[in-house]
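**Student:** Return atomic coordinates for the entry below.
(4 chains)
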There are 2 protein chains.
Amino acid sequence: MTAKKIQAVALKHFSQKGYDGTSLADIAGEVGIKKPSIYAHFESKFDLFAAVVEEVSEDYRAYRQTVISGSSSMDFEQHLFNIFSSMITYFIQDRVKMAFWVRLWMFPPAESPEALLEPWKNLNKTFLDEVIAIFEQGISEGHVRQGSPQDMAHTYLCLLDGFLTRVIISDDADYSQHMTQVWQCFWAGAKA
Amino acid sequence: MTAKKIQAVALKHFSQKGYDGTSLADIAGEVGIKKPSIYAHFESKFDLFAAVVEEVSEDYRAYRQTVISGSSSMDFEQHLFNIFSSMITYFIQDRVKMAFWVRLWMFPPAESPEALLEPWKNLNKTFLDEVIAIFEQGISEGHVRQGSPQDMAHTYLCLLDGFLTRVIISDDADYSQHMTQVWQCFWAGAKA
DNA sequence: GTCTATAACAAGATAGAC
DNA sequence: GTCTATCTTGTTATAGAC
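**Tutor:** Alright, predicted model coming up:
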């Protein structure tokens, strides 16, 4: 299906050059069609962008849900670390998706309608809530030191987002080796 | 001086909409002049951008140097925390500068010449080296637990970058309240 | 230094043949 | 669905008067 190929190429270009920096001619050229042919599949440039957002968003949502529910039976530290490492691995194994994701998150195209951004924000808000719930459970069960679950969740997400940030800005091909060390430093301060 | 005013307005627009999303007409309009007048002060759009990068870069460099050298006589934890909180405060008190800085760092304009990006990368590389040196000292003097100073510095910077990331994506006006909590979580795991 | 006017071009989008 | 041709708009940039 041509629409899917257009979306895949668009993802790559939006990821590398941003929404404004990408032209439909760039995309069409790599797909192997001419620019007007895109309009047979998408109503506008922004419509194409929205489709890519939807695809990336849904893939991410499904993956995250699988990871969180799939590791809930683990030992507490393992559960938390599994979410941490799985999210990092998810993005590291596909840097195009990662750059698109982070770019949209931090610097969405100017004048993006709320209809596009709101589901995206909610998706990330949900993650915060889930992590807070995990820490609440960890504290009440004695796995985690006494303290504010909100603050711990926040620190956890700072570490996760910071790790992704540093992967993006780094040329290092195998950044994942740092993951375990970062985690140990965090867990040493969080455990009961 | 008109050139300075153009730069200031350009900083704001580049920060909010990115390089490609900003037009010279946007900038000129807010400055109060017409578009062609910009060319009396800057050779090209990119030349204006480069001037803004230079200004922001130098301001950041000077501030960071002041913070690091100015707190080196402090107690070890205070020294580390002071750098952490000062860097965060620096960006929080000027979100325009923060967004410009992070945007350039993570997603520089496509086809930016190396001449623009290299000094910028070196600036950040230097910071990593300085933080590593501080942890090396901290370990040898017994303030920090035994371990790899590289890994600790990396964790420290993940936390710092992650914090800034979360400030950018958050609407919360007073995000700085979280800073102390994040720090305590880190230090609990890092101290000897 | 700032302006009007305009060049030169690229980009998103449409019309209509095939 | 894809193409060529075209429209329209917006953009960077220059020329030349004041």
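
**Student:** CA atoms for contacts and neighbours, from now on please.
**Tutor:** Noted.

**Student:** Least confident secondary structure element in chain A?
**Tutor:** helix A:177-190 (a mean of 92; mean pLDDT, DSSP states H and E).

**Student:** List the buried residues for it?
**Tutor:** Under the neighbour-count criterion of 16 or more other C-alpha atoms under 10 Å in any protein chain shown, helix A:177-190 has A:179, A:181-190 buried.

**Student:** I'd like to know which elements that helix is packed against.
**Tutor:** The contact analysis (3 or more C-alpha pairs under 8 Å, 6 or more residues apart in numbering or on different chains; DSSP states H and E) places helix A:177-190 against helix B:149-169, helix B:177-190.

**Student:** With distance to DNA strand C as added columns, please give these in CSV.
**Tutor:** Formatted as CSV, the helices and strands packed on helix A:177-190 follow (distance: least, C-alpha to the nearest atom of the strand, whole Å):
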stretch, distance to DNA strand C
helix B:149-169, 26
helix B:177-190, 40
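
**Student:** and of these, who's closest to residue B:85?
**Tutor:** helix B:177-190 (7.2 Å; C-alpha to C-alpha).

**Student:** quick one: contacts of that closest one?
**Tutor:** A:151-152, A:154-155, A:185-190, B:81, B:85, B:144-145, B:152, B:156 (C-alpha atoms under 8 Å, 6 or more residues apart in numbering or on different chains).

**Student:** Residue A:92: neighbour count?
**Tutor:** 20 (other C-alpha atoms under 10 Å in any protein chain shown).

**Student:** how about the nearest residue to residue A:133, chain neighbours excluded?
**Tutor:** Nearest non-adjacent residue to residue A:133, counting by C-alpha to C-alpha, 6 or more residues apart in numbering or on different chains: residue A:149, 7.8 Å away.

**Student:** I'd like to know how far the residue nearest the centre of chain A sits from chain B.
**Tutor:** Nearest to the geometric centre of chain A sits residue A:101, at 5.2 Å (C-alpha atoms, centre = their mean). Residue A:101 is 12 Å from chain B, where distance means C-alpha to the nearest C-alpha, to the nearest Å.

**Student:** which one of the contacts of helix B:177-190 is nearest residue A:136?
**Tutor:** Among these, residue A:152 lies closest to residue A:136 (C-alpha to C-alpha), at 9.5 Å.

**Student:** surely that closest one meets residue A:134?
**Tutor:** No. Assessed by C-alpha atoms under 8 Å, residue A:152 is found out of contact with residue A:134, at 10.2 Å.

**Student:** Show me which of those two is the more surrounded one.
**Tutor:** Neighbour totals were compared for residue A:152 and residue A:134, and residue A:152 leads with 23 against 17 (other C-alpha under 10 Å).

**Student:** Chain A against DNA strand D: which residues are in contact?
**Tutor:** A:2, A:32-38, A:40-41 (C-alpha under 7 Å from any atom of the strand).

**Student:** Scan those residues and report the most crowded one.
**Tutor:** Neighbour counts for the residues of chain A next to DNA strand D peak at residue A:38, which has 21 neighbours (criterion: other C-alpha under 10 Å).

**Student:** pLDDT score for that residue?
**Tutor:** Model confidence at residue A:38, expressed as pLDDT, equals 98.

**Student:** Turn the helices and strands packed on helix A:177-190 into JSON lines, columns for distance to residue A:23.
**Tutor:** Below are these laid out as JSON lines (distance: least, C-alpha to C-alpha, whole Å):
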{"stretch": "helix B:149-169", "distance to residue A:23": "26"}
{"stretch": "helix B:177-190", "distance to residue A:23": "41"}
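
**Student:** follow-up on the earlier one: which ones among the residues of chain A next to DNA strand D lie within helices?
**Tutor:** Among the residues of chain A next to DNA strand D, the ones falling in helices (DSSP state H) are residue A:2.

**Student:** got the residues of chain A near chain B?
**Tutor:** Contact residues (C-alpha under 8 Å from any C-alpha of the partner chain) of chain A with chain B: A:16-17, A:20-21, A:103, A:105-107, A:109-110, A:151-152, A:154-155, A:157-163, A:165-166, A:168-169, A:178, A:181-182, A:185-190.

**Student:** filter the residues you listed to the buried ones?
**Tutor:** Going by neighbour count (16+ other C-alpha under 10 Å), the residues of chain A next to chain B have A:16-17, A:21, A:103, A:105-107, A:109, A:151-152, A:154-155, A:157-163, A:165-166, A:168, A:181-182, A:185-190 buried.

**Student:** So which residues of chain A form helices?
**Tutor:** In chain A, the helices defined using DSSP H lie at A:2-21, A:24-31, A:45-70, A:76-92, A:95-106, A:114-140, A:149-169, A:177-190.

**Student:** and residue B:63, which of those is closest to it?
**Tutor:** helix A:149-169 (21.8 Å).

**Student:** Report the mean confidence score over the closest one.
**Tutor:** Averaging pLDDT along helix A:149-169 yields 96.

**Student:** Check which helices and strands it is in contact with.
**Tutor:** Against helix A:149-169 (3+ C-alpha pairs under 8 Å, 6+ apart) you get helix A:76-92, helix A:114-140, helix B:95-106, helix B:149-169, helix B:177-190.

**Student:** make it 10 Å
**Tutor:** In this structure, helix A:149-169 packs against helix A:76-92, helix A:95-106, helix A:114-140, helix A:177-190, helix B:95-106, helix B:149-169, helix B:177-190, with contacts taken as 3 or more C-alpha pairs under 10 Å, 6 or more residues apart in numbering or on different chains; DSSP states H and E.

**Student:** Pull the number of nearby residues for residue A:28.
**Tutor:** For residue A:28, using other C-alpha under 10 Å, the count is 18.
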